[in-house]
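S.K.: sequence first, then the predicted structure:
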Amino acid sequence: MKKILFLFFTFLFLMQISNAQETYFQTGHTHDILEVHFSPDDSQLVSYSAGDGNFILWDVKSGRQIWTRDTSFIRKSNESTNLKEFYWSKDAKILVTKSINGTYQTWDALTGKVLALTETKPEIELIAPDKKQVSYSKDYDNLTVTDSESGKTTVIKRFGFNPVFDFSNNGEMIAEGGSWGDAAIKITEIKTGKSWWLDGHPSVIGGIAFSPDGKFLAVGGSDKTVYIFDVAKKLVSQKIESNNRPIKSISFSPDGKFLLFLNKDGEMNIWELQSGSLLRGTQAIRGIFGLSSNEFSKDGKYFLFVDEGNFGVWETNGWKQLKGFKTPEKYETKGTMTIGYDRVPVYSATFTKDGKEIIASHYDGSLRVWNVNSGKQLKKFMIGEDAEFLAPLENQKIIAVVHGNDRNNDEMKIKIFDSEKGTEIKRFDEEDTDYIQGFALSSNGKNFITSDIGGSVLLWDLNKSKPIREFEIGFSGDDAIAFSPDGKTFAVGGRNQNLFLFDVETGEKLWQLIPSYQLSDLEIQLEERGKKGRAEVEARKTKRDKQAQIEVPTLAKKITAKFSHYGDAESFWDQKIAESGAADKSKLKLPKEKAKVAWFTLTNDADLPISIDTNSMIFNPKCKGLCGGAEISSRYVLELKSGETNVNGYDMYSKTILPSKTTVYFSVALADFASSKQIYLGFTFQKDNADDEHSNDYGTEQKFYLRESDLPE
């Protein structure tokens, strides 16, 4: 086995980018890791993530990836396919996995090539690992391992918030899987406490920058390292190690002598490139939501960076932070929780073209202009929107990617403003502007690039309203983008852990750091099978939906509610998460003037059961769903007199089945009738659906209405 691995790594080394530092690039996981398992001899480790669909085999000691395979081909139609079981063959040449859909996958352990997908377990002699029992306890922060012989305890600080981990078979190591945003795997030797990472390189890219002469490209990400590429040679010319924190942004000084990069915690590192030495490292700024941008002024005298909620300006001669930049007003957030600030927080900021002023977007929907030297506010314009990205144009214009003051609003727009008056000059077409996460303006001011949450990279012309070209980088997101100084090329990379260089004029991909994934012949066949299966499922769904459109209106007439009596009922706030449905409060009858609720019977005379929303889950082992005569707290919707809607409960996603030919009791508060025009209960018919394991919904949600005028005196 060791000889095979040696030959494999020798081959891989020759195929990778080669230079004096022997830089090795590989993709790792990008989403939550669901499984990590050591091989029987503890030299290898497999990991699996359903989010990115990758199944990876690692060499434990070197941290290098032996191979990665996409697992989408396992899907026969639309069922779940997560890998749950992992086995090695006795000769260590074969890996066997089992997925949730019940199929087995046989893999070549050397290459990762899938050899077979079967409905039954393959007839291969597999190893039953001889796993040493390890005594441990865990809490939110630590894992505490106890040696069974000596009784000595070792405390290991947990990695991330992912509960996935595995002890090596000899009990000497532990592997922990990371979570979204830093989905690496941490290996720790229990006795020594020594740790190392199994991760992608450069991993999730956080910052990209071209040198002023365009000859070099600096890239940094969640593997905590900056790689400086010679663009023409496509080689790494220099590698700079960070301080164990993911890198968020990178900038070259305008004279090309320094490289400045910041990690996600707002710590600044200034490197002198010629000597390769750290000139200074310091805590630059600490904001509310994490570092979002940085830039040098055109003359290189100042450095600006934004850590959402605040921005800081440093004078590069001596690296001193300038004071000021505080709004005269205080600010309070609005919503369920009020937070007060001694100034109006900042969303984004940028230098003007001459570098003498800064334009900033603030939480109150204003654009403000600040003097760099004095730190004083010069102007303020209300635009009523937050600007996530800002970039200066000629003639006192500024381009901005904006959205409403609701911070969860992803309906973004791209606009050009007059920075002298704050007025809107131009608005770009909004069809392709939602969910923008990356933005860059070319230095010549002719084009800009946007990237959205899925990695859709678009080129725009400032003189046109629609994008003029789209670039393919595969599924990504959180992409960093940088134009070359002459504006003829641009680099992009993000969550897909890859780096791409494109020609702006032609759209040609000039190079990419890591080759695209290539399907094997068998995977192609299985993918085609899956496409055919999904097409058949979609055809059946269409047929089912059409049939539901015909049947459901007639069925809905057989769902009725009738007034029973006035009485009392328990508030939905006092409901337990789970109830039995036993009739209790519904037995009490009161005169209307003393009652708090009106009780109704809800009857299903249709031939199909229905699903209704309730404020508690109802469990009664005697019935499949609700028993006849059960008492429920239904979650109904109030259509208020103001035109708004409200719900009489806290949505815990509780749904209950009302079987066919069954009647139950539910109550409506009289105060709710008084405050609303009408009230409705939503229900959805249920019909067995072999194509969807998560839902038997048949047709769309139906409603029946109740009004105060329907109540008797």
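M.R.: Okay, I see it.

S.K.: and what about the closest residue to Gly455 other than its chain neighbours, helix, strand or coil?
M.R.: Spatial nearest neighbour of Gly455, excluding adjacent residues (C-beta to C-beta, 6 or more residues apart in numbering): Ser476 at 2.9 Å. Every C-beta, even on glycine, is put in place using the N, C-alpha and C of the backbone. Put simply, Ser476 is coil when judged by DSSP: H, G, I helix; E, B strand; the rest coil.

S.K.: and Ser476, what is it in contact with?
M.R.: 451, 454-455, 493-496, 498 (C-beta atoms under 8 Å, 6 or more residues apart in numbering).

S.K.: and the helix ranked longest in the chain, how far out from the chain middle?
M.R.: Scanning the chain for the helix with the most residues, using DSSP state H, yields helix 521-556. Computed by C-alpha atoms, centre = their mean, to the nearest Å, the chain-centroid distance of helix 521-556 equals 28 Å.

S.K.: with stretch 61-75 instead?
M.R.: Centroid displacement of stretch 61-75 relative to its chain, using C-alpha atoms, centre = their mean, is 21 Å.

S.K.: low-confidence regions, the stretch 601-713 of the chain specifically.
M.R.: 650-653 (pLDDT under 70).

S.K.: direction included, what does the helix or strand encompassing Leu638 pair against?
M.R.: Assessed by DSSP states H and E, Leu638 sits inside strand 637-640. If you go by DSSP bridges, strand 637-640 pairs up with strand 645-647 (antiparallel), strand 676-686 (antiparallel).

S.K.: report the angle between the longest one and helix 521-556.
M.R.: Here strand 676-686 points in a direction 130 degrees away from that of helix 521-556 (axes from the mean of the first three to the mean of the last three C-alpha atoms, to 10 degrees).

S.K.: contact partners of strand 676-686?
M.R.: 548, 552, 555-556, 559, 561, 602, 606, 608-613, 634, 636-641, 646, 657-658, 666, 668, 672-673, 696-707.

S.K.: and what of the shortest one?
M.R.: Strand 645-647 is contacted from outside by 635-640, 676, using C-beta under 8 Å, 6+ apart.

S.K.: wait, His201 sits on Lys224?
M.R.: No. Look at His201 against Lys224 with C-beta atoms under 8 Å: they stay out of range, at 10.2 Å.

S.K.: nearest to Gly171 among the contacts of Ser476?
M.R.: For these, the minimum distance to Gly171 (C-beta to C-beta) is 35.3 Å, reached by Arg495.

S.K.: quick one: the closest one and Gly454 touch, right?
M.R.: No. If you go by C-beta under 8 Å, Arg495 and Gly454 don't touch, sitting 9.7 Å apart.

S.K.: overlap in contacts, those two.
M.R.: Both Arg495 and Gly454 are contacted by 476-477, under the criterion C-beta under 8 Å, 6+ apart.

S.K.: neighbour-wise, which of those two wins?
M.R.: Arg495 (25 against 12; other C-beta atoms under 10 Å).

S.K.: quick one: contacts for the residue lying closest to Tyr698 once chain neighbours are set aside?
M.R.: Closest residue to Tyr698 apart from its sequence neighbours, by C-beta to C-beta, 6+ apart: Lys687 at 3.9 Å. Neighbouring residues of Lys687 by C-beta under 8 Å, 6+ apart: 548, 608, 696, 698.

S.K.: and of the residues you listed, the nearest to Ile156?
M.R.: Nearest member of these to Ile156, counting by C-beta to C-beta, is Asn696, at 45.3 Å.

S.K.: for burial, what's the neighbour tally of the closest one?
M.R.: For Asn696, using other C-beta under 10 Å, the count is 17.

S.K.: kindly provide the distance from the residue nearest to it when sequence neighbours are not counted to Lys655.
M.R.: The shortest distance from Asn696 to any non-neighbouring residue, by C-beta to C-beta, 6+ apart, is to Gln686 (4.5 Å). Per C-beta to C-beta, to the nearest Å, Gln686 is found 10 Å from Lys655.

S.K.: so for these two, which sits in the more crowded spot?
M.R.: Gln686 (21 against 15).

S.K.: hey, where'd the helices end up in this structure?
M.R.: 2-15, 521-556, 670-675.

S.K.: okay, the ones you listed in CSV with mean neighbour count and distance to Lys121 next?
M.R.: Below are the helices of the chain laid out as CSV (neighbours: other C-beta atoms under 10 Å; distance: least, C-beta to C-beta, whole Å):
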stretch, mean neighbour count, distance to Lys121
helix 2-15, 11, 25
helix 521-556, 14, 18
helix 670-675, 15, 58
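
S.K.: could you redo these as TSV and give each row distance to Ala109?
M.R.: Listed next are these as TSV, based on distance: least, C-beta to C-beta, whole Å:
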stretch	distance to Ala109
helix 2-15	9
helix 521-556	16
helix 670-675	64
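
S.K.: can you say which of these is nearest to Glu424?
M.R.: Closest among the helices of the chain, once you apply C-beta to C-beta, is helix 670-675, at 40.3 Å.

S.K.: which other residues reach stretch 540-552?
M.R.: Residues outside stretch 540-552 that contact it (C-beta under 8 Å, 6+ apart): 685, 687, 689, 691, 698-700, 702.

S.K.: got the CA positions of it in CSV?
M.R.: This file holds the C-alpha atoms of stretch 540-552, laid out as CSV (Å, rounded to 0.1, in the frame of the first residue of the first chain):
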residue,chain,number,x,y,z
ARG,A,540,-45.5,12.1,-13.1
LYS,A,541,-45.5,15.3,-11.0
THR,A,542,-47.0,17.3,-13.9
LYS,A,543,-49.7,14.6,-14.4
ARG,A,544,-50.4,14.5,-10.7
ASP,A,545,-50.7,18.3,-10.4
LYS,A,546,-53.1,18.5,-13.4
GLN,A,547,-55.2,15.8,-11.8
ALA,A,548,-55.2,17.7,-8.5
GLN,A,549,-56.4,20.9,-10.3
ILE,A,550,-59.4,18.9,-11.4
GLU,A,551,-60.2,17.0,-8.2
VAL,A,552,-59.3,19.4,-5.4
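
S.K.: report the two of the contacts of strand 645-647 separated the most.
M.R.: Maximum pairwise distance in the contacts of strand 645-647, criterion C-beta to C-beta, is 16.1 Å, between Arg635 and Leu640.
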